[in-house]
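**Student:** quick one: sequence plus predicted model below, questions after.
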There are 2 protein chains.
Amino acid sequence: MASDGRTEFKYEQTPIFNKMTGKQSILFENPPFIIAESSVAGKKEGEGPLGAYFDEIVEDGYFGGTSWEEAESKFLNRAAKLVIKKANLKNSDIRYLIGGDLLGQLISTSFGVTDLEIPLLGVFGACSTMGEAMIIGSTLVDGDYADKTIAITSSHFASAEKQFRFPLGYGNQRAPSASWTVTGSGAVIIAKDSPPNRKVKIRIKGATIGKIVDYGIKDNSNMGASMAPAATNTISQNLKDLNVQPGYYDKIITGDLGHVGSDILIDLLKQEGYDISSNHMDCGIEIFDKDTQDTHAGGSGCACSAITFTSYVLKKMKEKEWKRVLFSPTGSLQSKVSFNEGQSMPGIAHAVIVEAE
Amino acid sequence: MASDGRTEFKYEQTPIFNKMTGKQSILFENPPFIIAESSVAGKKEGEGPLGAYFDEIVEDGYFGGTSWEEAESKFLNRAAKLVIKKANLKNSDIRYLIGGDLLGQLISTSFGVTDLEIPLLGVFGACSTMGEAMIIGSTLVDGDYADKTIAITSSHFASAEKQFRFPLGYGNQRAPSASWTVTGSGAVIIAKDSPPNRKVKIRIKGATIGKIVDYGIKDNSNMGASMAPAATNTISQNLKDLNVQPGYYDKIITGDLGHVGSDILIDLLKQEGYDISSNHMDCGIEIFDKDTQDTHAGGSGCACSAITFTSYVLKKMKEKEWKRVLFSPTGSLQSKVSFNEGQSMPGIAHAVIVEAE
């Protein structure tokens, strides 16, 4: 037993290296480095418990623009430029940018990255998109197709409400299980080499690409319930593929299950024989103060996991408080059209293994 | 001079192998094989010049369902199952599926692949999505992260009109520069090894990942004009990165520029010093008969390039009529919201180098 009561599995803690690991997982041959990260957050996020960790807080929800969508693009543009600046690089040093957002046809990303002139792979996995972007960005670097890539996502409370639910002007009542879409954008630069003088290096060791799991949830004010089964599937598959127990990770971090979805996740994983209750964290729970910020089930959106990871999580890792983390952003795959046509909301989750060394 | 009058560049026709080639291109170390392909087309596409090449033609635009979106998902689901069947494989033999479509939040793909239970990477590059999916699918295979992947896309005339323009019931007039969204879905299986008894093997040799290019076009009935500059950028970058001339390829195939966009592409590339007039082909021009099918500028949509490639193009390659092709699907990155907010329509194009051997 470890000092904190968690079971340690010494033997199983060293998965045998194989790029294709188990059924759905990847372990990298030369695990890429996260050499820089950026987090640009909105006003409400800045007032929350993680406010002090963000690189920038933008008070104006319009970001000086004239529409919510334009504002979201500006958040993403700022996060991209900031991460390049923090790494002391030029745009042309980044070979490919992998990015996405929640808006139809990824307009936040498209309009947000045009002026960077970096070749683009647009990706969509709803709120799991940051995980997907980091996985593709890492395979391109580890596989020698790129020396540096950016993974980036954005979301915006107002553009998301307009996209998925009701115009804000309606002043619609929110269900207790509803989450609050995070306004902001987070980015990382994934690179083959790390600057030599870093005391602590952050590396992406592997990943698990998730399947869609559909429990037939149809309530778009309860996305936690739609995503929890997918998170269960991906996290348990990661543990099986690597042949490790939950204690292998210092933290297992889900994207935006919120209070409702996190309880479901812990219950479902117990049924699979895995107890993550002592080392689970959910970005949606951390980012807002439930008691004072009126955010109900918690934060959600592509930016929820992205800016929590690129601020709070990476800080804890750089301090080596957490040495090994499973970062598993979670997504609920519906649109306004599919919802109005009475379809369910299938969930998906991807998982990225991040280590400090 | 070659017998057909095209200049041959013997020396330059063998690019030096390097996974990272030039500024934006990739050459694969062990070029993956396309071991199976499927094309499922709608009624109008079946009546067009390529009708005889498609695997299946579905006459009912609803595909037995109750909405256009459900129908599109069924096209995609059918193409996925068909390609797995044609390769004599089970769903579980496919490690990852990379797919996308034009609808907000990729609902055609999400609902179309759920029952396959294959881990999913959702991608979006508007009508360039098939190129993006094939590039990611190929890097995963060449990089040893997967033994087999599927790249798949879909589009549907009616769901696209509803998504981007007007309800069909309006009976809106169409501009001469407008294109007709192709109904259907195309898929390929990308694999590390080819079945041994194939006379002709089709391999993905490399790729160029495109940048967004925005010429400020705002007319969503003229997507050819918005995409042609991006296609110019990607194709000329591919030629520069590989240090070859257009004659290196038997065909340079764009996705859905149509008659308007193709003319622009040829003109713009001439300005860059490249003449592709003798070996250019556009899927949007090939798929419909301009004179009898009332499709104006030509076909468009994620499925336009996908089903043209997986039927007509691959047939020509298997017959070795074309040995080396640059397949460059083209996308126009707008949404209904960005259009209504007065934004431009930036373009993007990716390019995939496909060879028969």
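**Tutor:** Great, that's in hand.
**Student:** how about the residues of the stretch 151-300 of chain A near chain B?
**Tutor:** A:Gln163, A:Ile209, A:Gly210, A:Lys211, A:Ile212, A:Asp214 (C-beta under 8 Å from any C-beta of the partner chain). In short, each C-beta sits where N, CA and C put it, glycine included.
**Student:** so the second one touches B:Ile118, yeah?
**Tutor:** No - checked against C-beta atoms under 8 Å, the pair A:Ile209 and B:Ile118 is beyond contact range at 9.6 Å.
**Student:** give me the more crowded residue out of those two.
**Tutor:** Set A:Ile209 next to B:Ile118 and count neighbours by other C-beta atoms under 10 Å in any protein chain shown: A:Ile209 wins out with 30 against 23.
**Student:** how about the more buried one: what's its closest non-neighbour residue?
**Tutor:** B:Pro119 (4.2 Å; C-beta to C-beta, 6 or more residues apart in numbering or on different chains).
**Student:** report the buried residues of stretch A:265-279.
**Tutor:** A:Leu265, A:Ile266, A:Leu268, A:Leu269, A:Tyr274, A:Asp275, A:Ile276, A:Asn279 (16 or more other C-beta atoms under 10 Å in any protein chain shown).
**Student:** sort out for me which of these are in helices.
**Tutor:** Among the buried residues of stretch A:265-279, the residues falling in helices (DSSP state H) are A:Leu265, A:Ile266, A:Leu268, A:Leu269.
**Student:** could you dump these to a markdown table with pLDDT?
**Tutor:** Output for these, formatted as a markdown table (pLDDT from 0 to 100):
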| residue | pLDDT |
| --- | --- |
| A:Leu265 | 98 |
| A:Ile266 | 98 |
| A:Leu268 | 98 |
| A:Leu269 | 98 |
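**Student:** closest one of those to chain B?
**Tutor:** A:Leu268 (17.3 Å; C-beta to the nearest C-beta).
**Student:** mind listing the helices for chain A?
**Tutor:** Using DSSP H, helices in chain A cover A:43-47, A:68-86, A:107-113, A:129-142, A:157-164, A:223-242, A:258-271, A:283-286, A:290-293, A:302-308, A:314-318, A:336-340.
**Student:** would you turn those into JSON lines with distance to B:Cys127?
**Tutor:** Formatted as JSON lines, these follow (distance: least, C-beta to C-beta, whole Å):
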{"stretch": "helix A:43-47", "distance to B:Cys127": "35"}
{"stretch": "helix A:68-86", "distance to B:Cys127": "21"}
{"stretch": "helix A:107-113", "distance to B:Cys127": "13"}
{"stretch": "helix A:129-142", "distance to B:Cys127": "20"}
{"stretch": "helix A:157-164", "distance to B:Cys127": "22"}
{"stretch": "helix A:223-242", "distance to B:Cys127": "29"}
{"stretch": "helix A:258-271", "distance to B:Cys127": "35"}
{"stretch": "helix A:283-286", "distance to B:Cys127": "34"}
{"stretch": "helix A:290-293", "distance to B:Cys127": "41"}
{"stretch": "helix A:302-308", "distance to B:Cys127": "23"}
{"stretch": "helix A:314-318", "distance to B:Cys127": "37"}
{"stretch": "helix A:336-340", "distance to B:Cys127": "19"}
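**Student:** and the residues of the stretch 151-300 of chain A next to chain B, which is closest to B:Asn197?
**Tutor:** Of all these, B:Asn197 sits closest to A:Ile209, with 31.6 Å by C-beta to C-beta.
**Student:** got a list of what that closest one touches?
**Tutor:** A:Gln24, A:Ser25, A:Ile26, A:Glu132, A:Ile135, A:His350, B:Tyr96, B:Pro119, B:Leu120, B:Leu121 (C-beta atoms under 8 Å, 6 or more residues apart in numbering or on different chains).
**Student:** by neighbour count, which of those residues wins?
**Tutor:** A:His350 (32 neighbours).
**Student:** once you drop chain neighbours, what's closest to that residue?
**Tutor:** A:Gly131 (3.4 Å).
**Student:** shaky segments in chain A?
**Tutor:** For chain A, the stretches with pLDDT under 70 are A:1-17.
**Student:** sorry, back to before: show me which of the contacts of A:Ile209 is closest to B:Asp147.
**Tutor:** B:Asp147 lies nearest to B:Tyr96 out of the contacts of A:Ile209, by C-beta to C-beta, at 10.1 Å.
**Student:** by proximity to chain B, which residue of the stretch 151-300 of chain A wins?
**Tutor:** A:Ile209 (4.2 Å).
**Student:** so how far is A:Gly299 from the nearest residue to A:Gln293 once chain neighbours are set aside?
**Tutor:** Once flanking residues are discounted, A:Gln293 sits nearest to A:Gly48: 6.1 Å by C-beta to C-beta, 6+ apart. Plainly put, A:Gly48 is 8 Å away from A:Gly299 if you go by C-beta to C-beta, to the nearest Å.
**Student:** just A:Pro196 next, same as before
**Tutor:** 37 Å.
**Student:** follow-up on the earlier one: so which of the residues of the stretch 151-300 of chain A next to chain B would you say is closest to A:Gly284?
**Tutor:** Looking across these and measuring by C-beta to C-beta, the closest to A:Gly284 is A:Gly210, at 17.4 Å.
**Student:** show the contacting residues for the closest one.
**Tutor:** Counting by C-beta under 8 Å, 6+ apart, A:Gly210 has contacts A:Gln24, A:Ser128, A:Ala230, A:Asn233, A:Thr234, A:Gln237, A:Ile348, A:Ala349, A:His350, A:Ala351, B:Pro119, B:Leu120.
**Student:** now with 7 Å, please.
**Tutor:** Residues counted as contacts of A:Gly210 (C-beta atoms under 7 Å, 6 or more residues apart in numbering or on different chains) are A:Ala230, A:Asn233, A:Thr234, A:Ile348, A:Ala349, A:His350, B:Pro119.
**Student:** could you measure from the nearest residue to it once chain neighbours are set aside over to B:Leu120?
**Tutor:** Spatial nearest neighbour of A:Gly210, chain neighbours left out: A:Thr234 (4.0 Å); criterion: C-beta to C-beta, 6+ apart. As defined by C-beta to C-beta, A:Thr234 lies at a distance of 11 Å from B:Leu120.
**Student:** and for A:Val58?
**Tutor:** Distance from A:Val58 to B:Leu120, by C-beta to C-beta: 33 Å.
**Student:** distance check, the residue lying closest to A:Ala158 once chain neighbours are set aside against A:Ala207.
**Tutor:** Leaving aside its chain neighbours, A:Ala158 sits nearest to A:Trp68 (4.1 Å; criterion: C-beta to C-beta, 6+ apart). Going from A:Trp68 to A:Ala207 by C-beta to C-beta gives 32 Å.
**Student:** swap in A:Glu357?
**Tutor:** Taking C-beta to C-beta, one finds A:Glu357 at 17 Å from A:Ala207.
**Student:** again with A:Ile135
**Tutor:** For A:Ile135, the distance to A:Ala207 - C-beta to C-beta - is 4 Å.
**Student:** what is in contact with those two at once?
**Tutor:** With C-beta under 7 Å, 6+ apart, A:Ile135 and A:Ala207 have common neighbours A:His350, A:Val352.
**Student:** and stretch A:329-341, what's buried?
**Tutor:** A:Pro329, A:Thr330, A:Gly331, A:Ser332, A:Leu333, A:Gln334, A:Ser335, A:Lys336, A:Val337, A:Ser338, A:Phe339.
**Student:** returning to that earlier point: got a list of what the residue nearest to A:Gln293 touches?
**Tutor:** A:Gly48 neighbours (C-beta under 7 Å, 6+ apart): A:Ile287, A:Phe288, A:Asp289, A:Gln293.
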